[in-house]
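J.: Dropping a prediction and its sequence here:
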Amino acid sequence: MALFKKKRGTDDTIKHGAQLITVADPRSAVAEQFRTIRTNINFMAVDENINTLAFTSANISEGKSTVTANVAITYAQAGRKTLLIDADLRRPTLHSTFNVKNNTGLTTVLTSEADEINLNDVVEESGIDNLSILTSGPIPPNPAELIGSRRMETFIELVKSHYDMVIIDLAPVLEVSDTQELASHLDGVVLVVRQGVTQKAGIRRAVQMLKFAKARILGYVMNDIRAENGGYGYGYGYGYGYGAEKKKGLFGRKKSDGQ
Ligand SMILES: Nc1ncnc2c1ncn2[C@@H]1O[C@H](COP(=O)(O)OP(=O)(O)OP(=O)(O)O)[C@@H](O)[C@H]1O
Ligand SMILES: [Mg+2]
């Protein structure tokens with residue numbers, strides 16, 4: 001089943017938003033794959049409560065925003081009160097995806113000098129039950145400083161107490177330094193890998209950098225898996241952080257759907 005027309009390295013989602021297949025066609029095989037990703041993330045942390053989760057990738061245009069938004073929707077659809085945050089301040093998409101203004105957002109919170117943060121001032125309803133959104137806000141000249149700031153850490157602590165699940169779209173690890181910093185303060189990070197595009201060396205480097213920052217890598221999402229019928233799908237795998245990439249190759253112990 002063709003998910004949608006494939007393009008690489010485009011500004012598509014920045015201008016037009018990510019495709020929300022989990023809303024457009026919740027019974028489709030691809031929507032089911034996103035639910036499987038959610039289930040696998042939960043399995044990876046079965047004894048702990050994963051409350052703050054981010055998606056990142058090695059490079060740009062590997063499918064982060066599409067995966068992040070659809071996985072967030074599956075959490076909301078499962079009845080978890082979810083907040084989806086756009087923390088990719090260089091290539092923000094969330095406002096386009098949900099067709100809302102981006103005059104205020106995460107950067108408003110991070111640049112404000114007020115002692116108290118009022119979530120109602122910046123968080124918006126998405127139109128999907130249980131899903132709230134926080135867009136990037138106006139793009140500042142110093143995104144790395146903001147995302148890696150103490151105020152960002154404080155903000156994450158605040159939202160954690162208001163939502164069952166906080167899901168964050170992060171900039172690519174190899175492109176910007178702030179991703180590592182923020183990832184280390186979250187319960188888990190998932191790496192989005194685009195089949196046939198992301199270079200193995202790039203993935204290894206991204207994993208190294210996240211590990212160096214002491215981020216907890218919960219696994220990876222394989223995007224753009226070519227299905228037998230010629231469509232594109234998503235899979236979830238794990239093995240990073242457990243030496244699997246050394247023992248069994250980069251994608252050792254891969255457990256995935258849609259291929
Ligand atoms: N499985 C897929 N099949 C076909 N096209 C896809 C797939 N996943 C993503 N795309 C397309 O690839 C482009 C990049 O996707 P997306 O914006 O989700 O990635 P990103 O990693 O967030 O990119 P950016 O670096 O701009 O933030 C978009 O045009 C999107 O529609
Ligand atoms: Mg993106």
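T.: Yep, it's here. Ligands and ions are numbered 1, 2, ... in the order given.

J.: Return the residues in contact with the residue positioned nearest the centre of the chain.
T.: Nearest to the geometric centre of the chain sits Phe55, at 2.8 Å (Cα atoms, centre = their mean). The contact partners of Phe55, taken as Cβ atoms under 8 Å, 6 or more residues apart in numbering, are 64, 67-68, 71, 167-170, 189-192, 221. Every residue, glycine included, has its C-beta placed from N, CA and C.

J.: Among those, name the ones in helices.
T.: When DSSP state H defines the helices, the subset of the contacts of Phe55 inside them is Lys64, Val67, Thr68, Val71.

J.: related to what we said a few turns ago, neighbour count and pLDDT added to the contacts of Phe55, as TSV?
T.: Formatted as TSV, these follow (neighbours: other Cβ atoms under 10 Å; pLDDT from 0 to 100):
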residue	neighbour count	pLDDT
Lys64	29	94
Val67	22	94
Thr68	30	97
Val71	27	96
Ile167	24	98
Ile168	27	98
Asp169	27	98
Leu170	26	96
Val189	28	95
Val190	27	95
Leu191	26	94
Val192	26	94
Val221	28	91
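
J.: which ones among these come in contact with ligand 1?
T.: Subset of those in contact with ligand 1: Lys64, counting by Cβ under 6 Å from any ligand atom.

J.: of the contacts of Phe55, closest to ligand 2?
T.: Checking those against ligand 2 by Cβ to the ion gives Lys64 as the nearest, at 4.8 Å.

J.: Parallel or antiparallel, list what pairs with the helix or strand encompassing the residue nearest to the centre of the chain.
T.: Secondary structure assigned from DSSP states H and E places Phe55 in strand 52-57. Applying DSSP bridges, strand 52-57 is found paired with strand 165-170 (parallel), strand 188-194 (parallel).

J.: so which of these gets nearest Asp121?
T.: strand 165-170 (17.4 Å; Cβ to Cβ).

J.: Can you give the contact residues for that closest one?
T.: With contacts defined as Cβ under 8 Å, 6+ apart, strand 165-170 is touched by 50-56, 64-65, 68-69, 71-72, 75, 80-88, 93-94, 156, 159-160, 179, 182-183, 186, 189.

J.: now stretch 87-106
T.: Contacts to stretch 87-106, defined as Cβ under 8 Å, 6+ apart, come from residues 11, 13-18, 20, 54, 60, 64-65, 69, 84-86, 107, 121-122, 124, 126-127, 133-140, 143, 146-147, 168-171, 175-176, 182.
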